[in-house]
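Participant: quick one, structure for this:
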Amino acid sequence: MKFVFIGDTIGRTGRKALNQFLPYILEKYKPDFITINVENIAGGFGITKKVLNQLKQFPFDVFTSGNHIFDKKDIFEIFKEEERILRPANYPPEVPGKGYVIVEKNNKKIAVINLMGRVFMGLLLDCPFRKFDEIYNGIKDEVDYIIVDFHAEATSEKTAFGYYVDGRASIVYGTHSHVATADEKVLPKGTVYLSDIGMTGAYHSVIGMRLDEPIQKFLTGISKKYEVSKEGLLFQAFFVDLTKIKPYFERIKLVDEGQNYQTL
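Facilitator: Model (predicted):
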């Protein structure tokens, strides 16, 4: 199968980038299966029903997330109505939502597992390594592919996880940092790995946000509300083709710099 994975998509600007670039991606790569991380897609923090309905114009198969998934109250109703939207599986068991889903497509069963790292995340989470083991042992005999969105801050934790699940997961890709890495590779036992896909959002931004607020925070230490940048468009994704014996994979980066960029 051919897969396209889209990382953290930031607010209205990220949705605009989807509208501009995704039709081209669908035409060029002809993916069989598409995931997108939606934890930042509504105003930069969380997701709403309205935005989720807008996304249904595209052929997304699964929606993954991370630490911002509970930032909008709509998520509790969304979890009840939409089985394809995930929260990290290693949240405590009492937390609403689910952490993995099995989708049947093109006569194949694809499991998508959403996990979150613990290093520098500041959250009370179960061990993502052990949670993968638990899920894997329950599904390994019924699926053809296992995909993991590992939402984490530390590249070392992502890398360690990739090697830990090598040969069990088909593909492991990282999200959360909003900055793409260039370490895509096939691990020794066959898992396709990338530490971070990057983001889809504003090209001229600080990880998707307007420049003023984060720069002033670095200068003064005073926090202000972050706003999604509107300056230019950036689309980043990860394409993986597993139709042949040797996997083919490619990082995707598309840019429209726009005309509204102003320096401080």
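Participant: so where is this structure shaky, pLDDT-wise?
Facilitator: Low-confidence segments of the chain (pLDDT under 70): 259-264.
Participant: how about a cut-off of 80?
Facilitator: 258-264 (pLDDT under 80).
Participant: what about the helices in it?
Facilitator: 11-29, 49-55, 75-81, 128-139, 155-164, 212-220 (DSSP state H).
Participant: which other helices and strands contact the longest one?
Facilitator: For helix 11-29, the packing partners by 3 or more C-beta pairs under 8 Å, 6 or more residues apart in numbering; DSSP states H and E come out as strand 2-9, helix 49-55, strand 199-200, strand 233-241, strand 248-256. Any C-beta I mention is one placed from the backbone N, CA and C, and that applies to glycine too.
Participant: out of those, which one sits most buried?
Facilitator: strand 199-200 (a mean of 28; mean count of other C-beta atoms under 10 Å).
Participant: so how far is that one off the chain centroid?
Facilitator: Strand 199-200 has its C-alpha centroid displaced from the chain centroid by 9 Å (C-alpha atoms, centre = their mean, to the nearest Å).
Participant: which strands border it, and is each parallel or antiparallel?
Facilitator: strand 2-9 (parallel) (DSSP bridges).
Participant: save the helices of the chain as JSON lines, and put in distance to residue 40 too.
Facilitator: Output for the helices of the chain, formatted as JSON lines (distance: least, C-beta to C-beta, whole Å):
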{"stretch": "helix 11-29", "distance to residue 40": "7"}
{"stretch": "helix 49-55", "distance to residue 40": "11"}
{"stretch": "helix 75-81", "distance to residue 40": "13"}
{"stretch": "helix 128-139", "distance to residue 40": "20"}
{"stretch": "helix 155-164", "distance to residue 40": "18"}
{"stretch": "helix 212-220", "distance to residue 40": "15"}
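Participant: for residue 252, find the nearest of those helices.
Facilitator: For residue 252, the closest of the helices of the chain is helix 11-29, at 6.9 Å, according to C-beta to C-beta.
Participant: taking strand 233-241 as reference, get the angle to the closest one.
Facilitator: 40 degrees (axes from the mean of the first three to the mean of the last three C-alpha atoms, to 10 degrees).
Participant: ok so, going back, looking at the helices of the chain, which is closest to residue 244?
Facilitator: Nearest to residue 244, of these and by C-beta to C-beta, is helix 11-29 at 14.8 Å.
Participant: what's next to the closest one, contact-wise?
Facilitator: 2, 4, 6, 9, 31, 40-44, 51, 54-55, 58-59, 199-202, 205, 208, 228-230, 233-235, 237, 239, 252, 254, 256 (C-beta atoms under 8 Å, 6 or more residues apart in numbering).
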